[in-house]
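>>> attaching a predicted model along with its sequence, questions to come.
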Amino acid sequence: MTFAITHTDPGTSARAGLLKTDHGTIESPFFMPVGTAGAVKALHMKELREDVQARIMLSNTYHLFLRPGVDIISAAGGIHQFNGWSKPILTDSGGYQVYSLADIRKFKEDGVVFQSHIDGSSHTFTPESVIDIQRALGADIIMAFDECTPYPCEHDYAAKSMNRTHRWLHRCIHRFEATTCPHGYTQSLFPIVQGSVYKDLRVKSAAFIASCNAEGNAIGGLSVGEPAPVMYEMTEAVTQILPADKPRYLMGVGTPANILESIALGVDMFDCVIPTRNGRNGMLFTRQGIINIKNEKWRDDFSPLDPEGEIFTDQDYSKAFLRHLFIAKEMLAAMIATAHNLGFYMWLMREARSRIINGTFLSWKSEMVNKLVERK
């Protein structure tokens with residue numbers, strides 16, 4: 001993997017770059033649609049590739065480990081061969097999913113013992129096993145195993161958790177360096193900064209992560225309930241320390257406004273379930289603000305979902321028609337809304353990149369953030 005910054009914004013820390021992997025090049029900043037089980041819910045791969053114009057997707061190590069199982073995916077030739085997505089893929093480590101199983105998991109120094117949410121069976125993730133699993137899955141970018149702290153949590157707990165994440169990182173790196181991808185292409189390992197909402201811990205963790213000299217670095221443990229200004233404060237503290245010549249990945253973030261503010265702080269990569277999950281529930285993101293398409297006010301509104309600017313594939317569909325599909329509980333409703341929201345996110349990233357390149361990102365971002373949070 002290589003990463004090169006081609007442009008920087010004069011008014012912020014935003015940057016535009018090119019991230020190259022064995023499965024293709026991605027223009028940054030970029031957003032990764034979440035394909036938890038190897039596919040984005042309610043969206044065909046062709047739509048994801050051609051209509052939404054995604055350049056990379058994210059899949060979930062925890063879920064793929066449980067179903068269909070690592071052996072099956074590896075036997076297919078890796079995740080790209082298994083799901084038919086020929087472009088880059090990132091897999092998370094499963095740390096966040098294990099964290100979310102609060103009542104059925106137990107952290108130990110060696111790793112985490114947890115129960116499957118599917119059948120209750122017991123499993124153990126260690127730094128070494130998580131690397132082995134992701135090697136077999138075959139994603140282009142794989143994540144180190146970490147512990148995600150809840151919000152709120154005490155400083156002492158956050159410090160202990162962070163230190164354990166750092167110890168686990170050493171083991172992840174050792175295992176990564178001792179193994180290769182069984183499918184014949186290059187993989188890159190990203191460590192993860194932790195430290196909850198405590199600036200001293202975030203600074204310490206970022207310095208430690210930077211010292212590991214990985215090909216890219218991630219910021220985890222945010223967007224878990226803390227106020228947005230706190231998230232931005234922690235992100236800024238970290239991006240000032242992480243190497244400027246390596247991609248920076250803010251995990252699990254977020255809304256369009258969150259993303260634009262974080263790009264301004266120097267973040268390059270994002271993922272979140274918001275555009276797909278909210279889309280399936282009738283929430284649409286547009287240039288004019290947020291629409292709840294199920295509301296009565298759209299019953300006889302025959303205008304396009306987002307009439308301004310660049311045309312999306314959903315422009316043949318009106319607000320009235322999509323509302324009708326949701327009210328009638330038609331499957332097509334979720335499909336159209338998902339494609340629309342992801343299409344909007346991809347447009348947002350392309351436009352942000354264009355604005356960085358031509359030096360107008362700051363003024364455009366300030367105007368857009370105010371529009372994007374409005375409820376229509």
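Here it is on my side, so go on.
>>> how about residue 129, what does it touch?
Contact partners of residue 129, counting by CB atoms under 8 Å, 6 or more residues apart in numbering, are residue 111. Every C-beta, even on glycine, is put in place using the N, C-alpha and C of the backbone.
>>> in the protein, which segments are predicted with low confidence?
Applying pLDDT under 70 to the chain flags residues 309-315.
>>> ranges for the helices of it?
45-46, 61-66, 70-75, 79-83, 95-100, 127-137, 155-177, 199-211, 228-239, 256-264, 274-280, 319-327, 331-358, 361-372 (DSSP state H).
>>> let me have these in JSON lines, extended by distance to residue 147.
Listed next are these as JSON lines, based on distance: least, CB to CB, whole Å:
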{"stretch": "helix 45-46", "distance to residue 147": "33"}
{"stretch": "helix 61-66", "distance to residue 147": "14"}
{"stretch": "helix 70-75", "distance to residue 147": "22"}
{"stretch": "helix 79-83", "distance to residue 147": "25"}
{"stretch": "helix 95-100", "distance to residue 147": "6"}
{"stretch": "helix 127-137", "distance to residue 147": "11"}
{"stretch": "helix 155-177", "distance to residue 147": "5"}
{"stretch": "helix 199-211", "distance to residue 147": "12"}
{"stretch": "helix 228-239", "distance to residue 147": "16"}
{"stretch": "helix 256-264", "distance to residue 147": "22"}
{"stretch": "helix 274-280", "distance to residue 147": "24"}
{"stretch": "helix 319-327", "distance to residue 147": "39"}
{"stretch": "helix 331-358", "distance to residue 147": "29"}
{"stretch": "helix 361-372", "distance to residue 147": "32"}
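>>> and of those helices, who's closest to residue 38?
helix 79-83 (4.3 Å; CB to CB).
>>> against residue 19, how distant is residue 357?
Distance of residue 357 to residue 19, computed by CB to CB, to the nearest Å: 16 Å.
>>> those two: which is more packed in?
Neighbours per residue, other CB atoms under 10 Å: of residue 357 and residue 19, the larger number sits with residue 19, 25 against 14.
>>> quick check, the more buried one in contact with residue 6.
No - using CB atoms under 8 Å, residue 19 is not in contact with residue 6, being 11.1 Å away.
>>> hey, what's in contact with both of these two?
Between them, residue 19 and residue 6 share no contacting residue, judged by CB under 8 Å, 6+ apart.
>>> how far away is residue 374 from residue 257?
For residue 374, the distance to residue 257 - CB to CB - is 10 Å.
>>> tell me which of these two has more neighbours.
residue 257 (17 against 11).
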